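Visitor: Dropping the sequence and predicted coords here.
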Amino acid sequence: MTACIIGWAHTPFGRHSEETVESLVTKVAREALEHAGLEAADIDEIYLGHFNAGFSAQDFTASLVLQADDDFRFKPTTRVENACATGSAAVHQGIKAIRAGVARRVLVVGVEQMTTTPGPQIGANLLKASYLPEDGDTPAGFAGVFGKIADGYFQKYGDQSDGLAAIAAKNHKNGVDNPWAQMRKDLGYEFCRTESEKNPYVAGPLKRTDCSLVSDGAAAIVLSDVTTAMQAPRAILFRAAEHVQDFLPMSKRDILAFEGCALGWKRAFANSKTSLDDLSFVETHDCFTIAELIEYEAMGLAKPGQGGDFAMSGETRKDGRLPVNPSGGLKAKGHPIGATGVSMHALSAMQLAGEAGGIQVKDATLGGIFNMGGAAVANYVSILERIR
Ligand SMILES: CC(=O)SCCNC(=O)CCNC(=O)[C@H](O)C(C)(C)COP(=O)(O)OP(=O)(O)OC[C@H]1O[C@@H](n2cnc3c(N)ncnc32)[C@H](O)[C@@H]1OP(=O)(O)O
């Protein structure tokens, strides 16, 4: 038994100091139900993806969803966390509940409010999720971790600044047409390529335009079994849903290879009997541009060391052979951690349903998603197909 997406909701990502985690959750929970044509009473289970718990005196975020509707009361509701892949972790738990036959309809909500959370608190939590003492010097959070990876990649394969700028420019260009994106500005290749006061180095060879945004926002999807989905307004089937968890310390693995990502895609293609050539688009985890570059190699689009040249080829642009991050990715859309994976699933489902508006990829039939936590530590791959 597999699962389908039958409804979704998405807040604009950005700075939402006027909102609270509670208000963001409530908004998307209600809207996703309405989109699926369901009532709260129809939902069997709820999963909430939220990374930065500790925002309130009571560290009990799971119950937040219940405030959206009285009929959610007494439903099994669980908070899920797996670093920057928290959103997909929640989605995959929902799929498991359906596959196990214990739920027919599941609500999954992802939320984060980063811009109003005290800097030291979120910084400390991000650092905990990115670093182990056995890896040597303490990097400055995730930017430091990916700066170190970019340094290692440049040393092994040569300067890739052109490729990184091509990825940043592509994703910023795509973000212009995404009404949910935090930054809707076409920054251009030259701006992203050049160090300047407005684009300073942040960590190693990574400049500001190589980094994802710090964001607030929420997204939700409604999952169901296939039988239920056939009565729904639309049905987007999970052809594959793979989770590969790797070691945290970078010293215990080849950090330039993203092996967990590669294995996730390999299993997803094998289990869905599809290949890279069948995909109409991919939403992939561009927390830093070097991540998207290495992910090209891990998913099989480019050979090791050739991800930069591949980025320059234009094949992943919206009008290219395989559009990658037509939404603008984490780079332009934003990266509110717990919401990111749910957003990737919601936007991909929109593409397949032909409901993606300005970011619509023409004739999209099969979509791939890769969401990761840490530097390829938690790796989630989904392949989606419209069946109704
Ligand atoms: C596995 C994972 O997913 S790990 C990922 C976890 N997430 C992260 O680590 C977040 C990474 N990003 C960041 O920390 C921040 O965006 C930084 C450090 C790159 C930039 O932050 P700051 O230097 O504080 O920028 P600040 O908020 O002051 O904004 C200054 C300007 O830069 C722009 N800006 C800020 N961040 C970015 C960005 N990432 N890309 C492009 N422009 C940006 C702002 O819009 C602003 O523009 P303006 O002057 O035209 O208004």
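Guide: Arrived safely. Numbering: from 1, shown residues only.

Visitor: Indicate the residue of the stretch 201-350 of the chain located nearest to the ligand.
Guide: C287 (3.1 Å; CB to the nearest ligand atom). In this view, the C-beta of every residue, glycine as well, is placed from N, C-alpha and C.

Visitor: L330 is in contact with that residue, correct?
Guide: Yes: between C287 and L330 there is a contact under CB atoms under 8 Å: 5.4 Å.

Visitor: Show me which residues of the stretch 151-300 of the chain are close to the ligand?
Guide: Taking CB under 6 Å from any ligand atom as the test, the list of the stretch 151-300 of the chain residues beside the ligand reads 202, 208-209, 211-214, 287.

Visitor: now do 5 Å
Guide: By CB under 5 Å from any ligand atom, the residues of the stretch 151-300 of the chain that approach the ligand are 202, 208-209, 211, 213-214, 287.

Visitor: what about the chain, any weak spots by pLDDT?
Guide: 1, 53-59, 119-121, 129-140 (pLDDT under 70).

Visitor: For it, just list every one of the helices.
Guide: Remark: helices assigned in the chain by DSSP state H are 21-36, 86-99, 119-128, 141-157, 161-175, 189-193, 226-229, 259-272, 289-299, 307-312, 329-332, 337-353.

Visitor: Now render these as a markdown table, adding mean neighbour count.
Guide: Output for the helices of the chain, formatted as a markdown table (neighbours: other CB atoms under 10 Å):
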| stretch | mean neighbour count |
| --- | --- |
| helix 21-36 | 22 |
| helix 86-99 | 26 |
| helix 119-128 | 14 |
| helix 141-157 | 20 |
| helix 161-175 | 25 |
| helix 189-193 | 17 |
| helix 226-229 | 18 |
| helix 259-272 | 20 |
| helix 289-299 | 27 |
| helix 307-312 | 22 |
| helix 329-332 | 31 |
| helix 337-353 | 29 |
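
Visitor: Any chance of CSV for these, columns distance to L384?
Guide: Formatted as CSV, the helices of the chain follow (distance: least, CB to CB, whole Å):
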stretch, distance to L384
helix 21-36, 16
helix 86-99, 11
helix 119-128, 29
helix 141-157, 27
helix 161-175, 19
helix 189-193, 30
helix 226-229, 12
helix 259-272, 10
helix 289-299, 15
helix 307-312, 24
helix 329-332, 17
helix 337-353, 5
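
Visitor: Tell me which of these lies nearest to E385.
Guide: Ranking the helices of the chain by proximity to E385 (CB to CB) places helix 337-353 first, at 6.9 Å.

Visitor: quick one: the closest one near the ligand?
Guide: No: judged by CB under 5 Å from any ligand atom, helix 337-353 and the ligand are separated, with a smallest distance of 6.6 Å.

Visitor: and of the residues of the stretch 151-300 of the chain next to the ligand, the nearest to S23?
Guide: Of those, the one sitting nearest to S23 (CB to CB) turns out to be V214, at 19.2 Å.
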